[in-house]
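> I would like the atomic coordinates for the input below:
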Amino acid sequence: MGMIVTNSSADAEVADPGETSAEFRYWQWRILLSSMVGYAFFYFVRKNFSFAIPAIGVELGYTKEDLGWCLSAHGVLYGVSRFANGIIADRVNARWFMAGGLAICGALNLAFGFSNTLTLFIALWALNGWFQGMGFPPCTRLMTHWFSPKRLASVMSVWNVGHSVGGAGVAVLCGYLVGVDWRLCFLVPAGIAIAGAIALAIALRDTPESMGLPPVAGTAHTAVSETDSLWSTLRRLVFTNKYIWLLSLANFFVYIVRYGVVDWAPTFLKEAKGFELETEAGWTVGAFEVAGILGMISSGWITDHVFGGRGTRACLFYMLGCCSALLVFWLVPVESIAANAAILAVAGFFIYGPQCLIGIAAANLATKRAAAASAGLTGLFGYASTLVSGVGIGWLADKHGWNAAFVLLAISAGIGSLLFALCWPAKAHGYD
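Numbering: from 1, shown residues only. Got it, this is the predicted structure:
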């Protein structure tokens, strides 16, 4: 995995000798794969709740709106945490930060599995949201320190496979566990996460410099220096960049669509489509996540090889594709389980393009000096949307049926497409 960088005195591209060494390539692969698998473990203790919703409602008598508050409290606190922990992650050791967050999330899932009251459910799932925010920011730090901005979209689109591997894995696992006891949907993933945290602490390292290796070439010249204050760095690299704000707002609508499908599809497929939750719905949502893998990888390749690193342009086309697939899923009457799964998989392919690229585009624009903070800002907006995708969709489904919920998803996809169109002139990155 040799790295190509730009010479500061000319536009000729040269390979940095340090980055092409066998040791450097080894650590690039190790950091990429271990952080990718580690982030998949975060999903095992984050997306499991969706599959327990119907069973919890039946056993304990809670409505979809009641349980939607768990989703919203989790999402809002996670969004705030992504931003706050993004600022922290730019300045601490990513290895211990990420491993510690995963271990705590596992412990909170254990506590949730032994709980019964709605108040405790909401409190524990909100706390889980906060510590989930210790997952993505250190990964952003790792990727921007170990890989060139010229290849970041391609590399991080592969890294983002962890999202869908984790989402698909927990969907299939909990699809079976919930048929035995909904509490197993929390206890089993908790054990997996705690074991994963130990493995993560063993496998990860922080920056190349911490290993005595050279920094990635082409990332030295930014609008700020190492000695600039925190506020100066954030102001110049993040807060005054209009495209980072547009990407953040677009992320709000991307996540309404993404979590509107992921969090409510098991319940929707059972109530509106007649699926059996234990098997059919789990595999259908799993197909949505697996298709997202192809969407993420293809979006990264297209960004680097078609749009010259401008992820905002690829986002526009992918969001339009997602909007079209959702309209077909909603409006076209299809009874076949396989056909419904295929249409939902197409939507997953397209929605995971912008889901992957928004953080990459923001990190490149803000450079490695504020990569985690900028990705955290987009995450803050993205997870604020769970006020809509969580309790909002739960309320709509209870009061007005699933058709009203799908109108909301279609409108959100359309607004997201418009915001990406406004980002068309954005540059590929913020390095000089």
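
> residues in contact with Phe41?
Residues in contact with Phe41 (Cβ atoms under 8 Å, 6 or more residues apart in numbering) are 102, 166, 192-193, 196-197, 200. The way it works is simple: take the backbone N, C-alpha and C, and place the C-beta from them, glycine included.

> again, only this time at 6 Å
Going by Cβ atoms under 6 Å, 6 or more residues apart in numbering, Phe41 touches 102, 193, 196.

> of those residues, closest to Pro149?
Leu102 (27.5 Å; Cβ to Cβ).

> what packs against the host helix or strand of the closest one?
Here Leu102 sits within helix 94-113, counting by DSSP states H and E. In terms of contacts (3 or more Cβ pairs under 6 Å, 6 or more residues apart in numbering; DSSP states H and E), helix 94-113 is packed against helix 118-132, helix 136-146, helix 184-203.

> can we see that at 10 Å?
helix 22-44, helix 49-60, helix 64-89, helix 118-132, helix 136-146, helix 184-203 (3 or more Cβ pairs under 10 Å, 6 or more residues apart in numbering; DSSP states H and E).

> among the ones you listed, which is the most enclosed?
Ranked by mean neighbour count, the helices and strands packed on helix 94-113 are led by helix 136-146 with a mean of 27 (mean count of other Cβ atoms under 10 Å).

> starting at the chain centroid, how far to the next helix or strand after that helix?
Counting by DSSP H and E, the next helix or strand C-terminal to helix 136-146 is helix 152-159. Computed by Cα atoms, centre = their mean, to the nearest Å, the separation of helix 152-159 from the middle of its chain amounts to 13 Å.

> any idea of the mean pLDDT in helix 152-159?
Mean pLDDT, computed over helix 152-159, is 85.

> quick one: closest of the helices and strands packed on helix 94-113 to Thr267.
With distances scored as Cβ to Cβ, the stretch of those nearest to Thr267 is helix 49-60 (5.8 Å).

> which strands and helices lie in contact with that closest one?
Helices and strands touching helix 49-60, by 3+ Cβ pairs under 10 Å, 6+ apart, are helix 64-89, helix 94-113, helix 118-132, helix 161-177, helix 184-203, helix 242-271, helix 282-305.

> turn these into a markdown table, including distance to Gly376.
Output for the helices and strands packed on helix 49-60, formatted as a markdown table (distance: least, Cβ to Cβ, whole Å):
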| stretch | distance to Gly376 |
| --- | --- |
| helix 64-89 | 2 |
| helix 94-113 | 13 |
| helix 118-132 | 13 |
| helix 161-177 | 17 |
| helix 184-203 | 20 |
| helix 242-271 | 10 |
| helix 282-305 | 20 |
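
> Leu409 is nearest to which of these?
Closest of those to Leu409 is helix 242-271, at 5.0 Å (criterion: Cβ to Cβ).

> Lys403 belongs to a helix, doesn't it?
Just to correct that, residue 403 is Asn rather than Lys. Yes. Counting by DSSP: H, G, I helix; E, B strand; the rest coil, Asn403 falls inside a helix.

> quick one: contacts for it?
272, 330-331, 396-397 (Cβ atoms under 10 Å, 6 or more residues apart in numbering).

> pretty sure Val165 sits against Ala40.
Yes. Using Cβ atoms under 10 Å, Val165 is in contact with Ala40, at 4.7 Å.

> cool, thanks, signing off.
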